[in-house]
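In: fold the stuff below for me.
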Amino acid sequence: MGCGGSKSTDTVSNGKSKEKEEDYLQEPENDPVDLEDIVVGYPPPKPNSSRKEHIFTEKDKEAGDSRAKQIKVEDYPSLDDLARALTEGLKNDVQKVRAIFTWIGLQGSNGSGSKDKNNNNQDSMSPQAVVQKVIQRKLSFNFLFTSLCRAAKIPCVLIRGLGKSVSYEVGDQDVDRLNNSWTAVYVSGGWRFVFPLWAFSAVVGHSKGTWTLVETQGKGTREKEEASSGRTISHINEYYFLTEPDEFIYCCYPNDSKWQLLAKPFTKQDFTEIAYCRQRYFQNHHRITTPAKCFYQSANGVCDVGIKRLGKEDCVYTYELYFNHEQSKATLPAEIQLEKYVAILNEGKSVRFRVRFPSEGIYKLLIYGDDSLLCEFKIQCDEDVDNVKPFPCNPESGFGPSTTTEEAGLKAKSHQSGVISIKKTRNVNIRFNVTKNVLVQTVLLQNNVAQETLSQYVNHKVKNQELDINVDLPQQGEYALQINTKDKESGGSFTNACNYLLTAENMNRKQRNYENALEKKIRKNLQECTNSGKLEELQKALDDFDKVDLEDKGDRQRAVERITFLRLRKELKDAIARRHGEKLEEAIENAKQSKYEENLQNKIREAEELLAQLRRLNRFAHEVLKMQQPTISEIHNYRHPKPLAYEIMKATYILLGEEEGRVEEWEQIQALMRKQGKEGLLRRVRLFDTVDVTENMVNSAAQLLRDYDEERVRASSAGLATFYKWATNVIDEVMNASDESPTESKTSEPAPKKKK
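Out: Numbers count the residues shown, from 1 in each chain. Prediction:
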């Protein structure tokens, strides 16, 4: 918008602080040269049926801009001559207006007004003299633009009203001081807005010095702004050329409501209260989902502001929170560091900024989309906020599934909203589809409880590409669940994928002095199942306990801890039994992140050793799997193979599980090599596991290969060398494993807590 935000630095003039500073984006109320606001006979103002993109094409832009760049101000003695040079031969009025618009913008950025400024013989109304006066702020941009349009026979009116420029602060109720003026041109059968001053100038770095930045991206700060009138820069801002009426009204309010060009005009009160939205808000198609007002009032120390982007494109929303140290009745206590007081709540395509206020006062929330300022809101908190606490954490990606979640390999299946309310039942189950080869980490946070203590109340498992997370909160309050992932192949550290804000209410059980017979039986059963260590029976006993809503006297917590331990142990046992690399990785990771790592140490070690072996086998198979089919065909096509070829391939098939009697003849080996699909050689190598390899198989294969070495084999055939290396690696692996003393892996049971 003309009130700032541009990073162009073409022509700069420094403003200086004054008691009543000049608004460099405010046109003078009257020009020294008379110009009628409107000419009799112009078409009446009315809403348009088409939008800018329908009447202004890229060809129109190129034609107008090309003409503007060819015209030098000093070559034309009058505005009529200049207008004729700018527009003659162009195909339509849009191109003509564009040429005039761009030419004026180029005069400011090129500094044309500095030429011959002391030429006393110059006509005071020559184009060069007028441009100098405009740049020196002795004439308005409106005067030059309107004069050229009218000279080119294009209807152009001067509109007076209110404009939210540099001197405007979000939430201001006194807007009468914002007098300004702009234009409208009649092209393609309708009136269109052009605001020359805001299109060709911007002010950056302006500040009244009344705001202190207190939080940005979850991090607390105290950065007090210094008062500054900023600096004015010259540039060309396309937004203020043929601006849409339904967007223009957010920043400019005409004295004559007919020149809003809206079917349903705004009132002055509407203009005062409407949200303060910047041009990127409209250009990138954002919409405020809470009331589209610039001023909000907190309720119980909390305020929500919602926004979303229309269409399919995603947006990364960020924020800044400011405190007004002049308007606020109270000062912000020095001991309060505002961090984690703003949460980003993801709700599908929408985002909600939930702001909590630890102190009374006047605040300002700035919302950015992909690093561009979109809108600002003034928020007043004038209530008791003693009980307002920060969020447990404030992740950059916010709470709830987002594009970050999917990029991290997870897709929400059960909970799409970032806030989960848990009432009475302490448990919540959250599920995701796993779309990438990742490991998962879950972390539970709370402001008053250590993370290590809370680790026992959250567990997860991945099965059949589905992530299942169970959270069992120990008491009521607010918690944050962080879900992190990392790639299994590349390793590295975990990165945040998704977060949920968990609010647990009404969890306190009514204490009673008695329990009926059924309730006593259920409690006793829970205690017995906890000691027995049978997972399914214990889970059922816990479910029965929760159904009757019994008070937790420690029994329930012990049962939850026991279930967590039993699940982790079972996950390790199952992964070891299946000899599956991914399952082993997940089971090991989950066990190590739990409080039971020490109790499960033996099982963890067994799983890690097996995982290491499986990785070695995969490494052994790697070279074989890289072989091209022509190489295998070459070996297969040997009609009279050397003993070396026969014995290597016979050893390979013996290790793959073929009986010796089925590989006695070369023709038998050739037949096996011709098989495809599940029986194909490469597939069998890829799925190979030493678990089914017997001592006799290893001895037979080793006997066949004893007279060879890799160098000799490679000299004969690179393909045979690959199989030779695989077979010898497998033989060494099995023999080394058999040399180790077999010991039964046991887990140390965590000691049950005794009831007091």
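In: and whichever helix or strand residue 453 is part of, average pLDDT?
Out: Following DSSP states H and E, one finds residue 453 within helix 451-454. Computed over helix 451-454, the mean pLDDT rounds to 91.
In: what sits up against that helix?
Out: Helix 451-454 is contacted from outside by 443-446, 474, 479, 595, using Cβ atoms under 8 Å, 6 or more residues apart in numbering. (Each C-beta comes from the backbone N, C-alpha and C, glycine too.)
In: next one: stretch 58-73
Out: The contact list for stretch 58-73, computed with Cβ under 8 Å, 6+ apart, reads 82, 85-87, 90-92, 94-103, 106-107, 112, 127-128, 131.
In: can you give me the buried ones in it?
Out: Under the neighbour-count criterion of 16 or more other Cβ atoms under 10 Å, stretch 58-73 has 60-61, 63-65, 67-68, 71, 73 buried.
In: could you check the pLDDT of residue 756?
Out: Here the pLDDT value assigned to residue 756 is 37.
In: which pair of the contacts of helix 451-454 spans the longest distance?
Out: Using Cβ to Cβ, the pair of the contacts of helix 451-454 lying farthest apart is 479 and 595, separated by 17.3 Å.
In: list buried residues within the contacts of stretch 58-73.
Out: Buried by 16+ other Cβ under 10 Å: 82, 85-87, 90, 94-103, 106-107, 112, 127-128, 131, out of these.
In: quick one on the thing from earlier: which of the contacts of helix 451-454 ranks first by neighbour count?
Out: Using other Cβ atoms under 10 Å as the neighbour criterion, residue 479 leads those with 26 neighbours.
In: now that one: how far from residue 381?
Out: 25 Å (Cβ to Cβ, to the nearest Å).
In: ditto for residue 294
Out: Taking Cβ to Cβ, one finds residue 294 at 16 Å from residue 381.
In: ok, now residue 135?
Out: In this view, residue 135 and residue 381 are 45 Å apart by Cβ to Cβ.
In: compare those two (neighbour count), which wins?
Out: In this view residue 135 and residue 381 are compared by other Cβ under 10 Å, and residue 381 has more residues nearby, 26 against 21.
In: and the residue of the chain most remote from its centre, what pLDDT?
Out: When distances to the mean C-alpha position of the chain are computed (Cα atoms, centre = their mean), the maximum falls on residue 640, with 64.3 Å. Listed pLDDT for residue 640 reads 87.
In: now residue 16
Out: For residue 16, the model assigns a pLDDT of 39.
In: again with residue 2
Out: 49.
In: and what of residue 726?
Out: You'll see residue 726 listed with a pLDDT of 89.
In: for the helix or strand hosting it, buried residues please.
Out: For residue 726, the host element (DSSP H and E) is helix 718-739. By neighbour count on 16+ other Cβ under 10 Å, the buried set for helix 718-739 is 719-731, 733-734.
In: residues contacting the host helix or strand of residue 303, please?
Out: Under the criterion of DSSP H and E, residue 303 resides in strand 302-309. Strand 302-309 has contacts (Cβ under 8 Å, 6+ apart) with 284-290, 296-297, 315, 317, 347, 349-357, 365, 367, 369, 374-375, 377, 379, 381, 388.
In: mind running it again at 7 Å?
Out: 284-290, 296, 315, 317, 349-356, 365, 367, 369, 377, 379 (Cβ atoms under 7 Å, 6 or more residues apart in numbering).
In: can you pull the contacts of residue 621?
Out: Taking Cβ under 7 Å, 6+ apart as the contact definition, residue 621 lies against 685-686, 688, 726.
In: how about 10 Å then?
Out: By Cβ atoms under 10 Å, 6 or more residues apart in numbering, residue 621 lies in contact with 682, 684-688, 726, 729-730.
In: tell me which of the residues you listed is nearest to residue 505?
Out: Out of the contacts of residue 621, the member with the shortest distance to residue 505 (by Cβ to Cβ) is residue 687, at 51.6 Å.
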